[in-house]
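Asks: Need a 3D model of the following:
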Amino acid sequence: MRHLVYDVASSLDGYIAAPGDDISAFPMKGDHAAAYQARLETYDTVVMGRRTYEFGYGFGLKAGARAYPHMRHFIFSRTISLPGASDVEVVRTDWLQTIDAMKSEDGTDIYLCGGGRMAGYLLQHGRIDRLIVKLAPIILGSGVALFEGMTATTHLTVASVTPYKTGVTLMEYEVNPSGCDPS
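Replies: Residues are numbered from 1 along each chain as shown. Model (predicted):
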């Protein structure tokens, strides 16, 4: 069974971007960035929401193209408009069932590439299995929350903690399947 992994950078106060989807305060170079790039190679499928996919347009991504060439792409959106000959698949309905079907396929773990609203929805519905947070030594004060719309408590188990010279700390967590306190 494949796992859905939310692999994301976050500020100390729980934001994955500042207002206006600004990520410029996050450290982009160094040992933590090299480790992230290596981890990306281990995923064969990526899931993201419309805002995250369209965020790539600002970095030269063309509508319908893959942001990560070696991965199968699923864009979860009711409203996105892409060219007919796209290299990505749009999922407009049955989001949870689609995730469940993907998890039952052969392959490597599935990369949840945000954003906060998508992550909040999937965690709220028990679909995220692992959380990898690149905790940046910054405080943003406001912006896009790590998990938007969460109304239930979710308990996690620490799998590993890796400090980097850049000041970023990689925090890996397993989501407790029952959502209950592991103690």
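
Asks: Okay, now the unreliable bits of this protein?
Replies: Scanning the chain for pLDDT under 70 picks out 177-183.

Asks: Can you show me the helices along it?
Replies: Counting by DSSP state H, the chain has helices at residues 31-40, 50-55, 95-104, 116-124.

Asks: now the angle from the last one to helix 95-104?
Replies: Think helix 116-124. Put simply, helix 116-124 runs at 70 degrees to helix 95-104, going by axes from the mean of the first three to the mean of the last three C-alpha atoms, to 10 degrees.

Asks: re the thing from before, a markdown table for the helices of the chain, including distance to residue 13 and mean neighbour count?
Replies: All C-beta spots, glycine's among them, are computed from the backbone N, C-alpha and C. Output for the helices of the chain, formatted as a markdown table (distance: least, C-beta to C-beta, whole Å; neighbours: other C-beta atoms under 10 Å):
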| stretch | distance to residue 13 | mean neighbour count |
| --- | --- | --- |
| helix 31-40 | 19 | 14 |
| helix 50-55 | 20 | 21 |
| helix 95-104 | 28 | 14 |
| helix 116-124 | 13 | 21 |
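
Asks: Ok, which of those comes nearest residue 164?
Replies: Residue 164 sits nearest to helix 31-40 of all the helices of the chain, at 4.1 Å, using C-beta to C-beta.
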